[in-house]
Structure formats: C-alpha cells, structure tokens
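Engineer: Fold the following, please.
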Amino acid sequence: MTDHLTVDGPAQLLVVLPYQLGYHPRRSVLALGLDRRRVRFVARADLPPPGEVEETVAALVGPLRREARGPVLVLGYEDEPEESAPVVLALVDALERGGTQVADIVVVRAGRWYSPACSAGCCPEEGRALPPAESVPAVAELVGLGLAPLPDRAAVGRLLEAEDGAAGVGRSLGALGEDPARRRREGVLAWARLLEQPGEEPAGPPPDELVVPAVAALRDIPLRDALIGWLAPGVVPRSRLEPVVLALLERRLPRRAGLGTWRPGGVDPDERPAVLERLLAVCRRVPDERPTEAAAVCTTAAHLAWQAGDGAVARSALERALRVEPGYRLAQLLARLIALGLRPDQLLDRAG
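Structural biologist: Modelled structure (predicted):
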C-alpha cells in the first residue's frame, strides 16, 4: 500500500479507494479514520441484515476508536436507495456517542455519490457522477505501481481457491513418505527456488515438483513459523523460533529486499506484490482435499498480506484455511487479530 497519495476532495478519494482496497466495494459500509487530512485507518464490513446491524457496528467501532487520530468519514456502498442507511446511521450514532467526530457521510450508488448529511443546499439530490479514473492523478501513480482493483470482494477470494490440476499435487502429497528430516531439507530447498528473484518475464504457475515438497514441509510447525518470520519480519519474533530451523533458512533462503532481515518492515514494497503473488499461486496449486497443507500455505500467505496492509487478501486466505481445516489454530489466531483491527507493529510494541 502506498503511503503518500494526494487527492482533491471526496470524489477523487472515492475513485482511489478501490485501488487501495484491492477491489471495488459493493454493498458495504466503510469508515475511514483521518489524521490531519490523511487516511490513517480503513474499516469495512458487508451491509448486514437487519438483525445484525448492532453486531456489525460494534465490530467496526472498537478498532476505529483505537486507531482514529481525528474525525471519521463514513461511506455506504449500496445497490438500492437507502440500502446502507440502517448500518450507516447506527455507526454514526455509535461513534458520536463515544466522542468520535464524524467528518461526513457519503453514499455511493451506481457510479454516483451522495451527501445525505448535507443541509446547506449545495449537494444535489440526484448526486454527482464519480470522475473517470483516468482523470485522477493519484490513480496514475497507483497504476504505475502495478495496482488494479478487482471487480468485487468475491474476486479476491478466487485468488486463493484451488485451480484445475491441483488434484495432481494432492495425490503427490498423499504419496510422500514420513521422513521429517528429509521433508524439512527438501522443503527449504523448494521454498528457496520458489522465492528466487523474479525475472523480467512473468513467472508462470509454480511447478508441482517445487509445490509438493514446499507445502509438505509446512506440516513441520517450527519450519512453518520460521518461514512466516522470514517472509514477514516482525510478525513472529525471532526469539520464539527454533534455532536449528533458523540456521537452515539462513543458509538456504534468498536474503534480499527485506527477506530474512528479521525486523519490522518485511518484504520491500517494490517486491512485495511479486512475492505475495507467488504465495497465492502456491495456494491455488493445493486442493481442498489436502486440508492441512492448504490451511498451512493459506495461513502463511495471510501473514504476509496482513503485514503488507492487504486485509482483503489476508481475510480471504484465512477464510479458505478455516473452511478446509476449521481447527487450524494459527489461522484462528490471525483471524481474531484482524477482526480486532490489530497490526503487526502493535503486537511488537506489546511484546516489547
């Protein structure tokens, strides 16, 4: 995610927001915590059914009160008029009762935006058309970074789902022997190949001969945790990782662009999309019929996405992990942290 983008007014912000989220929000309520005219924090939820409005508002308000350093901008995305009104109004009421200022309320519907809270007569009842993306300078900067929003939230989930041909990986995983030391060595070598410096040409799908030993090795919990610590430094404290596994990773895995530096910050922003995409490609090669391996690799990808601030991908990865393996504890833990709106740096602060 970019740190410095300039937008001119709410219309441009609404055009840029899908690029930051990674998808075009639909039937959603969003709250943007502002800090001196900067967006500091974004919270989002699906529009809830009538009986779940209070629960949705409670889930949004807690992180907003903790993270917001100034007023909050509340956005309602709807398909039908007034569809977002119940949860938007309930959220505004909860924020104001708790002492949080609401800067404005904006509703987006069918390519237009509305200001239902405007009482000055300057906001047309028919709303205003959102400007074309190509007319917003900040969009050009985001496109230059290779960012493009997916059509909707469901499309993010499809980035994690097993693809055609994954059954072959499942059969190979089932045929592996149970030699833990060999599995660990071969797994680390496979991850070293998978994480090699991306070339100028598209990497293409990862080969099965690397995917099989790589994901099989994630059954080894110390190795899984160390790999997460390697990919997303700061998410797992080095002091809590097994020294023998650390030594193996330090000998074999690529040491570049933040990888293996064991510090907050993680993968270099320029390489983060390529590394995360490679992890997602590995996820797609593992069938649901291998639940332990699918949950392990999806949870690994979720940690990198979480550190990168890509909450949509992190949640989608955890949704698949917990669908195929409901008791996968690391996925349960990370899902809880994300639901609370916590960031990796906050965990480090508490640990320190």
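Engineer: V29 belongs to a strand, doesn't it?
Structural biologist: Yes. Assessed by DSSP: H, G, I helix; E, B strand; the rest coil, V29 belongs to a strand.
Engineer: count of residues packed around it?
Structural biologist: V29: 26 surrounding residues under other C-beta atoms under 10 Å. (Glycine included, C-beta is placed from N, CA and C.)
Engineer: How about the one 5 residues further on?
Structural biologist: Around L34 there are 17 other residues, counting by other C-beta under 10 Å.
Engineer: residue boundaries of the strands in the stretch 101-250 of the chain?
Structural biologist: 102-109, 112-114, 128-129 (DSSP state E, counting those that start in this stretch).
Engineer: Switch these over to CSV; also include mean neighbour count.
Structural biologist: Formatted as CSV, these follow (neighbours: other C-beta atoms under 10 Å):
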stretch, mean neighbour count
strand 102-109, 19
strand 112-114, 18
strand 128-129, 12
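Engineer: how about C283, phi and psi?
Structural biologist: phi -60, psi -40 (degrees, to the nearest 10).
Engineer: Show the pLDDT at it.
Structural biologist: With respect to pLDDT, C283 has a value of 97.
Engineer: likewise E67?
Structural biologist: 77.
Engineer: Tally up the residues packed near it, please.
Structural biologist: Counted with other C-beta under 10 Å, E67 comes out at 19.
Engineer: for P344, same thing?
Structural biologist: 21.
Engineer: Next one: it from G309, what distance?
Structural biologist: Taking C-beta to C-beta, to the nearest Å as the measure, P344 falls 10 Å from G309.
Engineer: Which one of the strands of the stretch 101-250 of the chain lies nearest to A190?
Structural biologist: Between A190 and those, the tightest spacing by C-beta to C-beta is seen for strand 102-109, at 44.7 Å.
Engineer: tell me what that closest one is packed against?
Structural biologist: If contacts are counted by 3 or more C-beta pairs under 8 Å, 6 or more residues apart in numbering; DSSP states H and E, strand 102-109 sits against helix 10-21, strand 72-77, helix 85-97, strand 112-114.
Engineer: Can you add mean pLDDT and distance to A305 and give those back as TSV?
Structural biologist: Below are these laid out as TSV (pLDDT from 0 to 100; distance: least, C-beta to C-beta, whole Å):
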stretch	mean pLDDT	distance to A305
helix 10-21	90	13
strand 72-77	96	22
helix 85-97	95	26
strand 112-114	95	29
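Engineer: Of the ones you listed, give the one that comes closest to R323.
Structural biologist: Across those, closest to R323 is helix 10-21 (C-beta to C-beta), at 22.3 Å.
Engineer: who touches that closest one?
Structural biologist: By C-beta atoms under 8 Å, 6 or more residues apart in numbering, the surrounding residues in contact with helix 10-21 are 1-2, 5, 7, 24-25, 30, 39, 42, 44, 73, 75, 104, 106, 108, 113, 128, 130-131, 133, 136, 138-139, 142-143, 147-149, 312.
Engineer: Among the residues you listed, which lie within helices?
Structural biologist: A138, V139, L142, V143, A312 (DSSP state H).
Engineer: Pull up the gap between the nearest residue to the third one once chain neighbours are set aside and A31, please.
Structural biologist: Yep, that's L142 we're talking about. If the residues on either side of it in the chain are set aside, L142 comes closest to Y19, at 4.3 Å by C-beta to C-beta, 6 or more residues apart in numbering. Distance of Y19 to A31, computed by C-beta to C-beta: 18 Å.
Engineer: how about the helices in the stretch 151-300 of the chain?
Structural biologist: Under the criterion DSSP state H, counting those that start in this stretch, the stretch 151-300 of the chain carries helices at the ranges 153-158, 166-175, 180-194, 208-217, 221-231, 243-252, 272-284, 291-308.
Engineer: List the residues that contact L218.
Structural biologist: Going by C-beta under 8 Å, 6+ apart, the list of residues near L218 reads G187, R224, L227, E293, A296, V297, T300.
Engineer: Tabulate these in TSV, adding columns for neighbour count and distance to D93.
Structural biologist: Formatted as TSV, these follow (neighbours: other C-beta atoms under 10 Å; distance: C-beta to C-beta, whole Å):
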residue	neighbour count	distance to D93
G187	25	52
R224	20	44
L227	27	45
E293	24	46
A296	28	42
V297	28	42
T300	26	40
